[in-house]
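Asks: Here's my sequence, what's the structure:
(chains A and B)
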2 protein chains.
Amino acid sequence: MIRSHEAGTLRKEHAGQTVTLAGWVARRRDHGGVTFIDLRDASGTAQVVFREEDTAHDLRSEFCVRITGEVRVRPAGNENPELPTGEIEVAAAEIEVLSEAAPLPFPIEGDVNVNEEVRLKYRYLDLRREAVARSMRIRSEGSFLVHEVMREHGFVNVETPTLTRSTPEGARDFLVPVRLKPGHWYALPQSPQLFKQLLMVGGLERYYQIARCYRDEDFRADRQPEFTQIDVEMSFVEQDDVLTVAEDLVARLWKEIAGYEIPRPIPHMTYAEAMARYGSDKPDLRFGNELTDMTEYFAGTSFRVFQAPYVGAVVMPGGASQTRKELDAWQDWAKARGARGLAYVLLQEDGTLGGPVAKNLSDTEKAGLAEKTGARPGDAIFFGAGAPHATRELLGAARLEIGRRCELIDESAWEFLWVVDAPIFEPVHDDQGEQIGWTSVHHPFTSPKPEYADDFQDRPGEALANAYDIVCNGNEIGGGSIRIHRAEMQQRVFDVLGLSKEEAESKFGFLLEAFKFGPPPHGGIAFGWDRMVMLLAGQDSIRDVIAFPKAASGYDPLTAAPTPITEQQRKEAGIDVIPDEDEEPAQA
Amino acid sequence: MIRSHEAGTLRKEHAGQTVTLAGWVARRRDHGGVTFIDLRDASGTAQVVFREEDTAHDLRSEFCVRITGEVRVRPAGNENPELPTGEIEVAAAEIEVLSEAAPLPFPIEGDVNVNEEVRLKYRYLDLRREAVARSMRIRSEGSFLVHEVMREHGFVNVETPTLTRSTPEGARDFLVPVRLKPGHWYALPQSPQLFKQLLMVGGLERYYQIARCYRDEDFRADRQPEFTQIDVEMSFVEQDDVLTVAEDLVARLWKEIAGYEIPRPIPHMTYAEAMARYGSDKPDLRFGNELTDMTEYFAGTSFRVFQAPYVGAVVMPGGASQTRKELDAWQDWAKARGARGLAYVLLQEDGTLGGPVAKNLSDTEKAGLAEKTGARPGDAIFFGAGAPHATRELLGAARLEIGRRCELIDESAWEFLWVVDAPIFEPVHDDQGEQIGWTSVHHPFTSPKPEYADDFQDRPGEALANAYDIVCNGNEIGGGSIRIHRAEMQQRVFDVLGLSKEEAESKFGFLLEAFKFGPPPHGGIAFGWDRMVMLLAGQDSIRDVIAFPKAASGYDPLTAAPTPITEQQRKEAGIDVIPDEDEEPAQA
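Replies: This is a model prediction of the structure:
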């Protein structure tokens, strides 16, 4: 090593020792002919003192330097109790500039609000900032814990291919042309789903992988074209076996990294209850303020808007004092979510009801409203009416927005739950809102609960799945299911999905083929690792816990990828070759 | 769990207990109305006995079953000492067929020679075979050890992008069209080289990753289009620091998995010495039989063939008794390697010299030959003459072939060494063999040894690099270098490579840009993980230690990937869009 010590490890005990440090100039101060440098390396910082001006005169921020000098106890009164090395300083005797730094696009030290695209373009400078470096270390430590827990449980870490064939997750695949077979393309996997099921057929019994996955989706909110999931699959298990392993994993991560002991077992809530009470399949339980089902309440109403299959309400504490502008903004908020608006009643401090909806309600309806919804004087009550699922989702989103605006959320809390008994299928609608078929809520290999095993095909809208999602603070951090392992049942699922034998064969014929050879009962789960690390590191975006994330539209400001390619690359990769028609594409 | 015990764990102590097992029918024997089943699960096998014929009568190989019954000590004389469960059997009381198996394409049990493409098509059945499953478990355990060792050394596990821009390794990149930016493409990384150097600029100091890498190469020998490397980079280090970490890692793997304690430190050999003595930059030290440099010896020869810049010899013990056909086969062997042939002299038992070359040698040349080469009566001496590097490589290949044919290799031995001081550059030749430039032996960021730092550009053919390869039993299992961290030196390397400023800028401008901001001295190493696991698992091919390998040309017999794509996929991915000419491809 070209240094003898790491800067952040120096203590009083080192006083009198001559040390060689190497790192970066974090801060420089000049006081009466003496120069003080905070020298930063991965371990922390130490103060270096230059008593002869000339040795330090050309050092600027982020120069990379090597310094030799004696460790001294700082003069009384000059200690910095906030710094682990705050009791000592290093009196520089020799300095070598290992490399210089050009003027920085943004400062490394201190909290400076920098445009994210600039941060990503100079990600290597951003990584020198303490919070970013800390997130990388948390991710690393977390992934080690994953390996440790899964190994303790007897799981085998298997690397599955990433140059493969389309997988059935439903998003678009990224494609890769194959030079050695011109006109033929690999697909990058959206998950290792098919391979992990094949490993179960292969008798591996307990598989896991920290797997890179790829989805060519539009970049809504906080998505990346490549992301990482902890992928788990087990044979000869029932739902509880998978949940126990999953809880062991999550509990260890939260205990070791966040210092939080998750109460076990993690509570279960049915999908139906989650939708009814929270208007979400991933409810944030850090606050209450649940939805109230008003359908019965308004069963005989003469107000046309509330003559709907479902009417629900959510209270906004103190919301009656909102300005007209604020109340209008809620309407825009609802419209941006595809709703017509958000009906509301203002419960004035004097007990009277304000807002345009109130005058449409009968006296009885008005009289019981506060008690029914739990609203108190000064609160606003928001209403949704219409198709149950969509209306609950709207109110659930309003609940979250209220939680944020009214600061109802305990930011220091951790609230975990399992959402179970989700439907197997959900309707597919055309542009006019007409139902034209069914799609899988999870994926087509999800097994029905035993009570629907025989006749789910006759009542696809009711049938519930052996599926489970784990939710933390309103984030779905993982989900899985017990799979179908009988060809006959799988065929009935394909029938409901309207997937012809040929389509099923083309998309995952090799899995169906494998299922002819004694497949074991099996099930599994996959965790969104980026999101878990985001929560563990206390960050707001998965981009903060990815070393080199993409910006919007998949653009990488650092490397400027993606780029055009050359004519020669096109030619070599066989991109323009169209193979014979009798060969079958992966997606029919 | 749908079972109470794992089959392979049952022992005498379980006698009298009622157990439920689940697994596969490995073998079935019927004896006088009694049926014996070997039930296999991931833990091993146990014998299950059916005394009532009807319960077992439809069980066939690889049916997946659940069996409940009582554990009994086997009758005296019926024990199987070769099986851990050989003292007991399970008397079946209940059986449930979990799933049936169609007739198998090949048997799972026993050593059966199956065509590899068939094995890969039914890889999930192949994985049920003990040797294949064992390799998967060794790989898993090995990767855990990697994480453990690297964590102990303070390394941070960082996931780098796989949708990125071309990297400079020199093989062809796999390309990925980007739907959100039509006509623009990502490249899959040949290694995380640039990103790991950026992480060093980012102050991470100690990085590692078990990284998936991609090379669109022709499939020679034992290559895969995607492969895994253990990627390591460190800051503020010198060559010995990297070697120490690398040795710690390799030593732990061999100790824990192969039970072999590698003598430390692993010996060093210069590249020049390896080429001179073994005709290889990755010599197999499990046997001697070194090359003899005969250049001096034949300095005054009148034999035209040996009037060459280099003449070398390698002995084949007992080779004098080869038939004419065998000796001719050597000529074909040499021609397949691009040589004109392989001159030889046969040292007969009576001391006379046979073979067509002998008559071209002077008496003095003949007289000293045995002593000079160490050949004994009955041996053959093969000669190579010509350009030193190519000739040594030919003789080195002959040495390996001799080692195999004459069984000189101790298959139980482990021989490790570091090959150091490789050249920085090697000449590039055109089709006529004329040198037209220089290319990097490692990659363009490899630093020169200090004695060449100032003037390597004036003598590129001589300059040696701060580079190192680790070799195990003749396999290069890892390699790396101390990198250049000064822009001025990097520019001189680009100049030697004939890389214009624009080309360098286009290929890795972002790394050069990063190097303006205080890059630390750094270096690293990358291990070929597939090859290491192959050696640790005692397998002959990396395909044996990859869960789902590709066959030749990148074809996957299991999924039939790659496939044609649909017109819609082409359109959506923007494959046929050619962007404006002023945008710059990644490869100029």
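Asks: secondary structure element for residue A:197?
Replies: Assigning secondary structure by DSSP states H and E places residue A:197 in helix A:193-201.
Asks: Could you see whether chain B lies near that helix?
Replies: Yes: judged by CB under 8 Å from any CB of the partner chain, helix A:193-201 comes into contact with chain B through A:194, A:195, A:198, A:199, A:201. In short, each C-beta sits where N, CA and C put it, glycine included.
Asks: TSV for those, including neighbour count?
Replies: Supplementary listing: the residues of helix A:193-201 next to chain B in TSV, determined by neighbours: other CB atoms under 10 Å in any protein chain shown:
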residue	neighbour count
A:194	25
A:195	29
A:198	26
A:199	27
A:201	27
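Asks: So what's the residue count around residue A:486?
Replies: Taking other CB atoms under 10 Å in any protein chain shown as the criterion, the count of residues near residue A:486 is 16.
Asks: quick one, what contacts it?
Replies: Contacts were defined as CB atoms under 8 Å, 6 or more residues apart in numbering or on different chains; by that measure residue A:486 touches A:515, B:99.
Asks: do that again at 7 Å, thanks
Replies: Counting by CB atoms under 7 Å, 6 or more residues apart in numbering or on different chains, residue A:486 touches residue B:99.
Asks: Tell me which residues touch the single nearest residue of the stretch 401-550 of chain A relative to chain B, please.
Replies: Taking CB to the nearest CB as the measure, the point where the stretch 401-550 of chain A comes nearest chain B is residue A:518, at 3.9 Å. In this structure, residue A:518 makes contact with B:24, B:62, B:63, B:64, B:99, B:100, B:101, judged by CB under 7 Å, 6+ apart.
Asks: for these, which one is nearest residue A:338?
Replies: Distances from the contacts of residue A:518 to residue A:338 were compared by CB to CB; the smallest belongs to residue B:99, at 44.2 Å.
Asks: Save the residues of helix A:193-201 next to chain B as a markdown table, and put in pLDDT too.
Replies: As requested, these are arranged in a markdown table below (pLDDT from 0 to 100):
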| residue | pLDDT |
| --- | --- |
| A:194 | 92 |
| A:195 | 96 |
| A:198 | 97 |
| A:199 | 98 |
| A:201 | 97 |
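Asks: In this structure residue A:132 contacts residue A:126, no?
Replies: Yes: with contact defined as CB atoms under 7 Å, residue A:132 reaches residue A:126; the gap is 5.4 Å.
Asks: List the buried residues in stretch A:424-433.
Replies: Under the neighbour-count criterion of 16 or more other CB atoms under 10 Å in any protein chain shown, stretch A:424-433 has A:424, A:425 buried.
Asks: Can you dump the C-alpha atoms of that stretch in CSV for me?
Replies: Listed in CSV are the C-alpha atoms of stretch A:424-433, where the atom choice follows Å, rounded to 0.1, in the frame of the first residue of the first chain:
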residue,chain,number,x,y,z
ILE,A,424,-55.8,-14.8,-10.1
PHE,A,425,-57.2,-12.8,-13.0
GLU,A,426,-58.1,-9.2,-13.7
PRO,A,427,-60.3,-8.0,-16.6
VAL,A,428,-58.7,-6.5,-19.7
HIS,A,429,-60.7,-3.6,-21.2
ASP,A,430,-60.6,-2.0,-24.6
ASP,A,431,-60.4,1.7,-25.3
GLN,A,432,-64.2,2.0,-24.7
GLY,A,433,-63.9,0.4,-21.3
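Asks: Outside of that stretch itself, list whatever touches it.
Replies: Stretch A:424-433 has contacts (CB under 7 Å, 6+ apart) with A:435-441, A:446, A:448, A:456, A:460-461, A:463-465, A:496.
Asks: Go again with 10 Å.
Replies: With contacts defined as CB atoms under 10 Å, 6 or more residues apart in numbering or on different chains, stretch A:424-433 is touched by A:387, A:389, A:434-442, A:444, A:446-449, A:452, A:456-457, A:459-467, A:481, A:493, A:496-498.
Asks: For the stretch 51-200 of chain A, give the residue positioned nearest to chain B.
Replies: residue A:127 (3.1 Å).
Asks: What's the local residue count around residue A:128?
Replies: Residue A:128 is flanked by 24 other residues according to other CB under 10 Å.
Asks: and if you look at the one 10 residues further on?
Replies: By the measure other CB under 10 Å, the count of residues near residue A:138 is 21.
Asks: Please settle this for me: is it part of a helix?
Replies: Yes: using DSSP: H, G, I helix; E, B strand; the rest coil, the assignment for residue A:138 is a helix.
Asks: The residue nearest to it when sequence neighbours are not counted: neighbour count?
Replies: Using CB to CB, 6 or more residues apart in numbering or on different chains and skipping residues adjacent in sequence, the residue nearest residue A:138 is residue A:537, 4.6 Å away. For residue A:537, the number of neighbouring residues by other CB under 10 Å comes to 21.
Asks: Give me the sheet partners of the strand ranked longest in chain A and which way each runs.
Replies: Selection of the longest strand in chain A by residue count, based on DSSP state E, yields strand A:18-31. The sheet places strand A:18-31 alongside strand A:34-41 (antiparallel), strand A:64-73 (antiparallel), with pairing taken from DSSP bridges.
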